[in-house]
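J.: Let's see this in three dimensions:
(chains A, B, C and D)
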Protein chains: 2
Amino acid sequence: MLSKWHSGFVMATTTRSAARLERVTTIKAAAACQLASRGAASLSLREVAREIGVASSAIYRYFATRDELLTALITDAYNELGASVETAEAVVARSRMRERWRVACRAVRSWALAHPHDYALLYGTPVPDYRAPTNTIGAASRVTRVLGRIVDDAAAASPTTEPAREPGDVAGYLDVDNVAAELPRVAPDRYARALLAWSSVFGSVTFELFGHFEGSVTNAATYFERVIDELADLLGLGD
Amino acid sequence: MLSKWHSGFVMATTTRSAARLERVTTIKAAAACQLASRGAASLSLREVAREIGVASSAIYRYFATRDELLTALITDAYNELGASVETAEAVVARSRMRERWRVACRAVRSWALAHPHDYALLYGTPVPDYRAPTNTIGAASRVTRVLGRIVDDAAAASPTTEPAREPGDVAGYLDVDNVAAELPRVAPDRYARALLAWSSVFGSVTFELFGHFEGSVTNAATYFERVIDELADLLGLGD
DNA sequence: CTATAACGAGAGCACCGCTCTCGTTATCAG
DNA sequence: CTGATAACGAGAGCGGTGCTCTCGTTATAG
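T.: As a prediction, the model looks like this:
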């Protein structure tokens, strides 16, 4: 019985803490099922409780509030998306920058199409007023890190000499330390382009998923290919 | 008393229909106030009724359901945003393409910052599962039309000869008839770029508003200037 | 072995969207 | 002018929600 409640994190040694962990995962699984089928707005603690056969008040032994459960689901979803993008990109030869970019972007879109409600939870309207309690940002940056690595590797492989138009004082509007940590070999005057490409990928996916391409884009998959190639050009990826 | 209930739309001739229109606007005003202050998720019909001093059931004489009220607010918000962008862009000399683009994009961002909950309602997670009942799309396209006009005017002013990279069969993934109606003087192989620029603007605003630039962008206004100039380059606007 | 704390169940509170009934009142046709 | 009709507002009510509190029970730890 080495369960150290006071020091670090919890070890599932005793029967009770083991049961607790199992309960938590059971609750999250039922909640994730509801989330996937009917969206975050209609996720009901009472129905989760009903589904797993406990009183609704019992849920509050594990999640203090509905939003706390939702936050846990958010973290899980970020990790799922991140893992999906990571594994997709990992199989491409490291030197083929444009293909790595394509594959990673496709993985984002594919995951979004496969889990639209989860994607909406991550990149749609924030749940209460504000979230991201430091717990989330680690998981959230996984997919960003993959895209960043590609851009950074590309910069190392073929350093472009001509500066980007109108660089301005990058430190005036970007967190250069933070960005430089992810893109150490990218010239600072290209940071903005990398951020633009990143947000444009998610902007396209969001527009597709939320119906804003209605009446203009008829084949979203092909259009997306066009978009990510355009962005690859902007980023100066090879091929 | 020319009130034609059966033919076209309603004229406020009788005292009753006039009162009805006033009631509708009163309800919408109270609902819009709640929406602006606490967001669409916590808009309550009962509180709207309480606020304007009627029974909650009376609201249902004017809006069959909560989502119907929300849809009305969506349409109003689209029109507000559209009008805001239109008036902002109208004051710029027609020949200054890049400045027109800048001003229009800034108007989008400014409106979003001033009405974050309304913006979230328009470009965040869709309310139920799907909306846009043909009523909305007209209002929604007002801002798109402004941006489209700029791109189209620019294409007419300085027709670029070199084709965009890898145009492919545009008709294979875009509604060319629809897009050509908005961009008649733009070469079809540049449609995708226009769409990309459009969605990137909203992608950037959405990321800023929803907190996804946390840790990378420190001055969103300056960064946005950088983004819209980058997109202006992509679109081949002058200056 | 005993005190403590985690636990589940259940009742309950205040709210929600929405429905239904019922008396009132404006409207319109004859 | 009169009477049928339909819009209207109020109120009660239904089933649902998130969340709180109490109260036995049971596993844990000293």
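J.: alpha carbons only for contacts and neighbour counts from here, please
T.: Fine.
J.: how about the residues of chain A near chain B?
T.: A:120-121, A:123-126, A:165, A:172-176, A:178-179, A:192-193, A:196, A:199-200, A:202-204, A:207, A:210, A:215-220, A:222-223, A:226-227, A:230 (CA under 8 Å from any CA of the partner chain).
J.: The host helix or strand of residue A:121 packs against which elements?
T.: Assessed by DSSP states H and E, residue A:121 sits inside helix A:116-123. Packed against helix A:116-123 by the contact rule (3 or more CA pairs under 8 Å, 6 or more residues apart in numbering or on different chains; DSSP states H and E) you find helix A:15-38, helix A:66-90.
J.: buried stuff in the longest one?
T.: Across helix A:66-90, burial judged by 16 or more other CA atoms under 10 Å in any protein chain shown covers A:69-86, A:88-89.
J.: do the shortest one as well
T.: Of all the residues in helix A:15-38, those buried under the rule 16+ other CA under 10 Å are A:24, A:27-28, A:30-32, A:34-36.
J.: residue ranges with poor pLDDT in chain A?
T.: A:1-14, A:128-134, A:161-167 (pLDDT under 70).
J.: Do a quick rundown of the helices in chain A.
T.: A:15-38, A:45-52, A:56-59, A:66-90, A:97-114, A:116-123, A:135-157, A:176-182, A:191-210, A:220-235 (DSSP state H).
J.: number of nearby residues for the residue in chain A positioned nearest to DNA strand D?
T.: Closest contact between chain A and DNA strand D, by CA to the nearest atom of the strand, is at residue A:44 (3.0 Å). Residue A:44 has 15 neighbours, counted by other CA atoms under 10 Å in any protein chain shown.
J.: cool, and residue A:207?
T.: So residue A:207, with other CA under 10 Å, has 18 neighbours.
J.: ok, it - contacts?
T.: With contact set as CA atoms under 8 Å, 6 or more residues apart in numbering or on different chains, residue A:207 has these partners: A:213, B:199.
J.: now do the one 10 residues further on
T.: Listed by CA under 8 Å, 6+ apart, the contact partners of residue A:217 are A:223, B:173-175.
J.: how about 7 Å then?
T.: If you count contacts by CA atoms under 7 Å, 6 or more residues apart in numbering or on different chains, residue A:217 has them with B:173-175.
J.: DNA strand D contacts on chain A?
T.: With the criterion set to CA under 7 Å from any atom of the strand, chain A comes near DNA strand D through A:1, A:3, A:14-17, A:43-47, A:56-57, A:60, A:64-67.
J.: Give me the distance from stretch A:116-128 to the chain's centre.
T.: Distance, stretch centre to chain centre, for stretch A:116-128: 11 Å (CA atoms, centre = their mean, to the nearest Å).
J.: Give me the contacts around that stretch.
T.: Here stretch A:116-128 makes contact (CA under 7 Å, 6+ apart) with A:35-36, A:39-40, A:74, A:77, A:112, B:120, B:124-125, B:210.
J.: again with stretch A:69-86
T.: Applying CA under 7 Å, 6+ apart, the external contacts of stretch A:69-86 come out as A:32, A:63, A:104, A:107-108, A:111, A:118, A:121-122, A:136, A:139-140, A:142-143, A:146.
J.: ok now stretch A:72-80, how far from the chain's centre?
T.: With CA atoms, centre = their mean, you get 8 Å for stretch A:72-80.
J.: Let's see it as CSV, backbone CA atoms only.
T.: C-alpha atoms of stretch A:72-80 as CSV (Å, rounded to 0.1, in the frame of the first residue of the first chain):
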residue,chain,number,x,y,z
ALA,A,72,-11.4,16.2,-19.3
LEU,A,73,-13.0,15.3,-22.6
ILE,A,74,-11.3,18.2,-24.3
THR,A,75,-7.9,17.1,-23.1
ASP,A,76,-8.6,13.6,-24.3
ALA,A,77,-9.7,14.9,-27.6
TYR,A,78,-6.7,17.0,-28.1
ASN,A,79,-4.5,14.1,-27.3
GLU,A,80,-6.4,11.9,-29.8
